[in-house]
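S.K.: Quick one: sequence plus predicted model below, questions after.
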Amino acid sequence: MSDSDISRLEKIKARARNFIESGRARKLYTVLLLLLLIWCTCTLFFGIDTCIPGSTAIDFIVLILCGKLVGSFVGAFKIPPLLGMLATGILFNNVDVFKPIAVNCYGQSSRVRSFAFSCLLLRAGLGLKFDVIKKNKALLSKLSVLPCVTEIIIIALLSKPLLNLPWPWAFLLGCVIAGVSPAVVIPGMLSLMERGYGTLAGVPTLLITSATADNIFTIIGFGIAYVVTFPDPEGQHIAMTIFKGPLEVIVGTFIGILAGYMMSFMSQEGPGNLQQWTLFFGGVVAFMGLKSVNFLGAGILAVLVMGTFAAQKWREPCKDAVAEKLQRRWKMILESALFTLTGALVELSYLTGELVGYGLLCLTVGLILRCATAFLSVYWSPLTLREKLFVVASWTPKATVQAAIGSIALDTVRETQPLDPVNESYGITVLCIAVIAIIFTSPLGAGLIAWLGPKYLDHKSPEELLPLRSSPEKEDSEDGRAGSQSLSNHSNGNISNHSNGISINNHSMNDSRNYGLNADDNSDGKNNRDT
């Protein structure tokens, strides 16, 4: 062997030795061993036919993991990972080589997406902070409700003539489209806060809380629209159809409070694994159980109320730990499952030029009027003009809610026998408009937040934020990660970020510039500040 070959061989040996000594080899071995044992267990439990290539279980794993990998790849280029996941699902359903995998997943796709939707609802319930809402109920109510209502009405009015949807389907489409995306807004706000932007006025905290409330309002509205769109299947009980909406609200609230009350008696010791799994499966049972008896709206409300009620009863460390664990499950697998399987329902033949053109027209007009309403909602607040414009820009992205509820109507139609082709076409229209909204608005919203945040928000240098990050309150964090209890005295409270899991605790409202979440106490501040 030549000297160059020997040198190359030595480099390879050194890299291999470094790989082994660093612990990465053992970690890879552990993961592969775990996957092998899981496969063997499933094979023994369900039989070999369900765990070989071509089976439904293996196809689900392949589809979801491919979505996760593509999402991670596009995320490296500052593109929202959910777009990569959505594109993966669309690719699998429209390329002949991969289409059998997507087709094989159709039968159980709705159930798997229900798991992801239940996690989303629980996170929304855990994310509500009533202490913040009580102190700023006027501003938060206007920002969470008015833009959403405006967009629902505008999209319904436009989709009726342009997309030929009946009024119930038109308002159902409006409810699907109207929700802002926490998957885009919250990471953007946390990134700005970690760099010191918006920490004095508390604008990121305002938007995090409002985004959660906006989602809850949108999802509840969707549940009501769903009841009107899909009345009693037999079509015989008119009284039941009329009173089903209020009945679902009562049933969902009662079951949610009852389940949340049961959760409040759980042990609150430990790292939160037991609590989060119990809460998660409780949400899945409530949602899928009520959906199976045609009470979808009640199921949505029950899970939201259960998460909110349990969070109010648990101690802060336990609640934060559960929120962190649910966020990890979401980022690990459920986000990919939701967006990839939603994309796998879309066929490119659905996206005709007429549908895409009229759909974009509806979305554009609805988004413009939504932004105008959002500006009016914060116009009389003490925010500066630039901060108000940033709030408007942050209210544009759509993704999570649209993927979660965009396909529910189509699933319902296809599960009903005999299949109604007219209603199926309406369900396809709703799904396609939801996908178009995700594709166009999520990168737009993420870009506007990243671009306008440093320009329009107040700023503290890292040196000024360092003493805040090293304050004793940081010890409240379970794992002590960087940024987990930062900005405690200058951004209206503690922002706990556990892998993007959010917990907002309103402890300090003493800063005279902290008006974003305390507009009532600083009503005169607007006249004294330079816009």
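M.R.: On my side now, so go ahead.
S.K.: Next, count neighbours for residue 200.
M.R.: 21 (other Cβ atoms under 10 Å). No exception for glycine: its C-beta is placed from N, CA and C like everyone else's.
S.K.: isn't there a helix covering it?
M.R.: No - applying DSSP: H, G, I helix; E, B strand; the rest coil, one finds residue 200 to be coil, outside a helix.
S.K.: Would you confirm that it contacts residue 383?
M.R.: No - contact criterion Cβ atoms under 8 Å: residue 200 and residue 383 do not qualify, at 11.7 Å.
S.K.: Could I get the contacting residues of the most centrally placed residue in the chain?
M.R.: Closest residue to the average C-alpha location of the chain: residue 400 at 4.1 Å, with Cα atoms, centre = their mean. Residue 400 sits next to 82, 120, 179, 181-183, 215, 338 when contact means Cβ atoms under 8 Å, 6 or more residues apart in numbering.
S.K.: now do residue 107
M.R.: With contact taken as Cβ under 8 Å, 6+ apart, residue 107 is in contact with residue 56.
S.K.: what separates it from residue 59, distance-wise?
M.R.: Residue 107 is 11 Å from residue 59, where distance means Cβ to Cβ, to the nearest Å.
S.K.: for residue 258, same thing?
M.R.: According to Cβ to Cβ, residue 258 stands 38 Å off from residue 59.
S.K.: Looking at the two, which has the bigger crowd around it?
M.R.: Using other Cβ under 10 Å, the more surrounded residue of residue 258 and residue 59 is residue 59, with 20 against 15.
S.K.: so that one is in which element?
M.R.: Following DSSP states H and E, one finds residue 59 within helix 56-75.
S.K.: now swap in residue 112 and tell me
M.R.: Going by DSSP H and E, residue 112 is part of helix 99-127.
S.K.: same check, this time on residue 250
M.R.: Residue 250 belongs to helix 238-264 when assigned by DSSP H and E.
S.K.: Now do the buried residues in that helix.
M.R.: By 16 or more other Cβ atoms under 10 Å, the buried positions in helix 238-264 come out as 244-245, 248-249, 251-253, 255-256, 259-260, 263.
S.K.: where does the stretch 151-300 of the chain dip in pLDDT?
M.R.: Flagging of the stretch 151-300 of the chain using pLDDT under 70 yields the residue ranges 232-242.
S.K.: what about stretch 17-28, average pLDDT?
M.R.: Averaged over stretch 17-28, pLDDT sits at 66.
S.K.: returning to that earlier point: how far off centre is the helix holding residue 59?
M.R.: 18 Å (Cα atoms, centre = their mean, to the nearest Å).
S.K.: Also stretch 154-164?
M.R.: Computed by Cα atoms, centre = their mean, the chain-centroid distance of stretch 154-164 equals 26 Å.
S.K.: Equivalent analysis for stretch 298-315, please.
M.R.: That offset, for stretch 298-315, works out to 17 Å (Cα atoms, centre = their mean).
S.K.: Can you pick out the ones from the contacts of residue 400 that are in helices?
M.R.: Among the contacts of residue 400, DSSP state H puts 82, 120, 182-183, 215, 338 in helices.
S.K.: burial of residue 313, as a residue count?
M.R.: 16.
S.K.: For it, give me its contacts.
M.R.: By Cβ under 8 Å, 6+ apart, the residues touching residue 313 are 260-261, 263-264.
S.K.: do that again at 10 Å, thanks
M.R.: Shown in contact with residue 313 (Cβ atoms under 10 Å, 6 or more residues apart in numbering): 260-261, 263-266, 268, 319.
S.K.: try residue 81
M.R.: By Cβ under 10 Å, 6+ apart, residue 81 lies in contact with 67-68, 70-75, 183, 187, 331, 335-336, 339.
S.K.: Equivalent analysis for residue 419, please.
M.R.: Per Cβ under 10 Å, 6+ apart, neighbours of residue 419: residue 413.
S.K.: before we move on, which element is it in?
M.R.: Using DSSP H and E, residue 419 falls within no helix or strand.
S.K.: Determine the longest helix present in this structure.
M.R.: The chain, longest helix under DSSP H: helix 421-456.
S.K.: quick one on the thing from earlier: ok, the contacts of residue 400 vs residue 455, which is closest?
M.R.: Nearest to residue 455 among the contacts of residue 400, counting by Cβ to Cβ, is residue 181 at 21.8 Å.
S.K.: Compute the distance between that closest one and residue 332, please.
M.R.: In this view, residue 181 and residue 332 are 19 Å apart by Cβ to Cβ.
S.K.: before we move on, the earlier item: tabulate the contacts of residue 313 in CSV, adding columns for distance to residue 193.
M.R.: Shown next, in CSV, are these (distance: Cβ to Cβ, whole Å):
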residue, distance to residue 193
260, 30
261, 34
263, 30
264, 31
265, 35
266, 32
268, 28
319, 20
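S.K.: the more surrounded of residue 181 and residue 332?
M.R.: It is residue 181, of residue 181 and residue 332, that has more neighbours when counted by other Cβ under 10 Å, with 26 against 11.
S.K.: Skipping adjacent residues, who's closest to that one in space?
M.R.: residue 399 (3.8 Å; Cβ to Cβ, 6 or more residues apart in numbering).
S.K.: Please report the distance of the one you found from residue 109.
M.R.: Counting by Cβ to Cβ, the gap from residue 399 to residue 109 is 19 Å.
S.K.: if you count what's nearby, which of those two comes out ahead?
M.R.: Legend: neighbour count by other Cβ under 10 Å for residue 399 and residue 109, higher for residue 399 (30 against 22).
S.K.: separation between the more buried one and residue 185?
M.R.: Separation of residue 399 from residue 185 (Cβ to Cβ): 10 Å.
S.K.: Give the intersection of the neighbour lists for the two.
M.R.: Contact with both residue 399 and residue 185 is made by residues 445-446, according to Cβ under 10 Å, 6+ apart.
S.K.: How about the contacts made by residue 260?
M.R.: Contacts for residue 260 (Cβ under 10 Å, 6+ apart) come out as 125, 279, 282, 302-303, 305-314.
S.K.: Then residue 48?
M.R.: Per Cβ under 10 Å, 6+ apart, neighbours of residue 48: 42, 55.
S.K.: What score does it have for pLDDT?
M.R.: For residue 48, the model assigns a pLDDT of 70.
S.K.: any idea how far it is from residue 107?
M.R.: 20 Å.
S.K.: do residue 370 as well
M.R.: 37 Å.
S.K.: What segments of the protein are strands?
M.R.: Assigned by DSSP state E, the chain shows strands spanning 494-498, 501-505.
S.K.: Show me what counts as buried in the longest helix of the chain.
M.R.: Neighbour-count burial for helix 421-456 flags 423, 426-449, 452-453, 456 (criterion: 16+ other Cβ under 10 Å).
S.K.: same question, stretch 289-296
M.R.: 290-291, 294-296.
S.K.: and the two most separated of those?
M.R.: Using Cβ to Cβ, the two most remote members of those are 290 and 294, lying 8.6 Å apart.
S.K.: shared neighbours, those two?
M.R.: residue 248.
S.K.: Do I have it right that residue 342 meets residue 102?
M.R.: No - Residue 342 is beyond contact range of residue 102, at 11.6 Å (criterion: Cβ atoms under 10 Å).
S.K.: shared neighbours, these two?
M.R.: Shared contacts of residue 342 and residue 102, defined by Cβ under 10 Å, 6+ apart, are found at 89-90, 109.
S.K.: The stretch 301-450 of the chain: helices as residue ranges?
M.R.: Using DSSP state H, counting those that start in this stretch, the helices of the stretch 301-450 of the chain run over 316-329, 335-343, 353-379, 385-394, 400-405, 408-415, 421-456.
S.K.: Out of the ones you listed, flag the one nearest residue 11.
M.R.: helix 335-343 (36.5 Å).
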